[in-house]
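Undergrad: For reference, the sequence and a predicted model appear below.
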Amino acid sequence: MAALLNFSSHCTSSSQTHPILPTNSIPEISKIFTNNLTTSSSSSSSSSNFSKKFPKLKLTRSAHPLRKTYISNHALKSSQPSISPEKITSQEDEPLRIGIVGFGNFGQFIAKAIKRQGHSVVATSRSDYSEYCQQNGIEFFGNIDAMCEEQPDVILVCSSILSTETVLRSIPIHKLKSDTIFADVLSVKQFPRNLFLEVLPSDFGIICTHPMFGPESGKNGWDALPFVYDKVRIAEKTAQERKCAQFLSIFEEEGCRMVEMSCEEHDRHAAGSQFITHTIGRILSHLDLESTPINTKGYETLLQLTENTVSDSFDLYYGLFMYNVNATEQIENLDRAFETVKQKLFGRLHDILRKQIVERVPLQGVPQPKSREVNPTPYFLPNNEKMKDLSSFAMPPPPTSPTQENNDGVASQPKESLKPGRDNLVKH
Ligand SMILES: O=C(O)C(=O)C[C@]1(C(=O)O)C=C[C@@H](O)C=C1
């Protein structure tokens, strides 16, 4: 186990090149990710009545009459005492200062909403985004140390799944306020939760989130799009709790459907939905599908799915697989499902063929033989006469003359040129 743990940290650490995994080690690695949950509280302190606790949010919600808050079992089961609304947020709360670590597409996409909601953003990234930040009212720092000196209330990790551990371990934690909240937006949830719990000091807050949309699917607004969150470790009745509520209100105010859910539950659902979607998209991309003049709606959907999937990085897809303990099972389910479908098709074909061969049942719609022929030849096969010389029904009969047509209307080929195989089946 220890060796495997080392292996797991190697997998997720600095270099982004991972050793090729022996297939049989994948379930073992999956177990590590689930078993390594030592201190996870995975709790949600509040929750059963989100809107009561956030009167400010209620106002916005009434402007969206169709919006519903989905409260998961996880949230309902929470045994934590509820807290009076005034202790959670107050109208006088200062806007948050949010530090985004990893400022690629996704970081920029989230930053826009944070700004729209009146909070300030500082950002850092391996690449230089200073120009973009200057144009968008964001302070950019070329190194993470300088950004942490700004002491953001929330550090929002927007790195890729594969680089998150390296990024997290490079943050100079001692420069931050002791009640800083760490949040992430990864498409997998148990992995960052366990990592945060392992690396961050116990006073630091932890909230794991997953906006179930991105720059493409959320480009026309976030209304009714699901936003999953798990308040893994937020100190109750403290400024940290208020800041956490303010942070969540960004997404609520943008119109998201807030879904409080444990990281385990998220990963189970996401493996059966997002991971399957990306897998089908990746498979289809290998078919090089092209638009035709007669596309059906369904086909258009597949083309769109393929395009969307391949425009995401392969690292994202690999992350969805490698860092979700449920993904391997889904690949296996998919394999089985494909086999079942093939069996259904070929099984039926086989039944028909056997009926013809054994029970001599003629195929519907196929011309019946002349009455003097007692035993009609199965539709697929050469007639009995011609079968005499054949070692296999795949071999057509020897020609009587090089170009003479046989009874089945198929020109015979000279014997020497015949090889057993699909192309030599008698066709009608
Ligand atoms: O909108 C996009 O660009 C996305 O690809 C979004 C998408 C997805 O659809 O799988 C990708 C990553 C996020 O975790 C959530 C959703």
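TA: Cool, the structure landed.
Undergrad: Name the SS class of the residue of the stretch 1-150 of the chain found nearest the ligand, please.
TA: Closest approach of the stretch 1-150 of the chain to the ligand (Cβ to the nearest ligand atom) occurs at F106, with a separation of 7.4 Å. Where you see a C-beta, it was placed from the backbone N, CA and C, and this is true even at glycine. Three-state assignment for F106 (DSSP: H, G, I helix; E, B strand; the rest coil): helix.
Undergrad: Quickly note the distance from it to V358.
TA: F106 is 61 Å from V358, where distance means Cβ to Cβ, to the nearest Å.
Undergrad: quick one on the thing from earlier: how about the contacts made by the residue of the stretch 1-150 of the chain closest to the ligand?
TA: Shown in contact with F106 (Cβ atoms under 8 Å, 6 or more residues apart in numbering): 158, 185, 214-215.
Undergrad: Show me which residues of the stretch 101-250 of the chain are close to the ligand?
TA: When proximity is defined as Cβ under 6 Å from any ligand atom, the stretch 101-250 of the chain approaches the ligand at 187, 212-218.
Undergrad: secondary structure class for D179?
TA: coil.
Undergrad: Quick check: it touching A239?
TA: Yes - contact criterion Cβ atoms under 8 Å: D179 and A239 qualify, at 6.5 Å.
Undergrad: quick revisit: buried subset of the contacts of F106?
TA: With burial judged by 16 or more other Cβ atoms under 10 Å, the buried subset of the contacts of F106 is 158, 185, 214.
Undergrad: Look up how far R268 lies from the second one.
TA: Separation of V185 from R268 (Cβ to Cβ) stands at 19 Å.
Undergrad: Repeat that for the last one.
TA: In this structure, G214 and R268 are 21 Å apart, going by Cβ to Cβ.
Undergrad: can you check T301 too?
TA: With Cβ to Cβ as the criterion, T301 and R268 are 25 Å apart.
Undergrad: Could you check which of these two has the larger neighbour count?
TA: Ranked by neighbour count (other Cβ atoms under 10 Å), T301 and R268 place R268 first, with 18 against 11.
Undergrad: higher neighbour count, D179 and A239?
TA: D179 (16 against 13).
Undergrad: Quick check on that one: phi, psi?
TA: phi -110, psi 20 (degrees, to the nearest 10).
Undergrad: For V154, see how far away it is.
TA: For D179 relative to V154 (Cβ to Cβ), the value is 11 Å.
Undergrad: Only C-alpha atoms, please: export stretch 97-112 in CSV.
TA: The C-alpha coordinates for stretch 97-112 follow below in CSV (Å, rounded to 0.1, in the frame of the first residue of the first chain):
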residue,chain,number,x,y,z
ARG,A,97,-10.6,39.6,-2.6
ILE,A,98,-10.2,36.4,-4.6
GLY,A,99,-6.8,35.0,-5.7
ILE,A,100,-7.0,32.8,-8.8
VAL,A,101,-4.2,30.4,-9.2
GLY,A,102,-4.0,29.2,-12.8
PHE,A,103,-5.4,31.8,-15.1
GLY,A,104,-6.1,29.9,-18.3
ASN,A,105,-9.5,29.7,-20.1
PHE,A,106,-11.4,28.5,-17.1
GLY,A,107,-9.8,30.9,-14.6
GLN,A,108,-10.6,33.8,-16.9
PHE,A,109,-14.1,32.6,-17.4
ILE,A,110,-14.8,32.4,-13.6
ALA,A,111,-13.0,35.7,-13.0
LYS,A,112,-15.5,37.6,-15.2
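Undergrad: Return the set of buried residues in that stretch.
TA: By 16+ other Cβ under 10 Å, the buried positions in stretch 97-112 come out as 98-104, 106-111.
Undergrad: And for stretch 169-188?
TA: Under 16+ other Cβ under 10 Å, the buried positions of stretch 169-188 are 171, 173, 176, 179-188.
Undergrad: Just the element for A245, please.
TA: Following DSSP states H and E, one finds A245 within helix 239-253.
Undergrad: and that helix, what does it pack onto?
TA: helix 55-62, helix 85-88, helix 105-116, strand 181-184, strand 205-211, strand 226-233, strand 257-260 (3 or more Cβ pairs under 8 Å, 6 or more residues apart in numbering; DSSP states H and E).
Undergrad: Most tightly packed of those?
TA: strand 181-184 (a mean of 26; mean count of other Cβ atoms under 10 Å).
Undergrad: Can you give the contact residues for that one?
TA: Defining contact as Cβ under 8 Å, 6+ apart, one finds that strand 181-184 is touched by 153-158, 164, 192, 196, 200, 204-209, 234, 240, 243-244, 247.
Undergrad: could you flag which of those residues are buried?
TA: By neighbour count, with 16+ other Cβ under 10 Å, the contacts of strand 181-184 hold 153-158, 164, 192, 196, 200, 204-209, 234, 240, 243-244, 247 as buried.
Undergrad: quick revisit: kindly present the contacts of F106 as CSV, with separate columns for secondary structure and pLDDT.
TA: As requested, the contacts of F106 are exported to CSV (DSSP: H, G, I helix; E, B strand; the rest coil; pLDDT from 0 to 100):
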residue, secondary structure, pLDDT
C158, coil, 98
V185, coil, 98
G214, coil, 97
P215, coil, 96
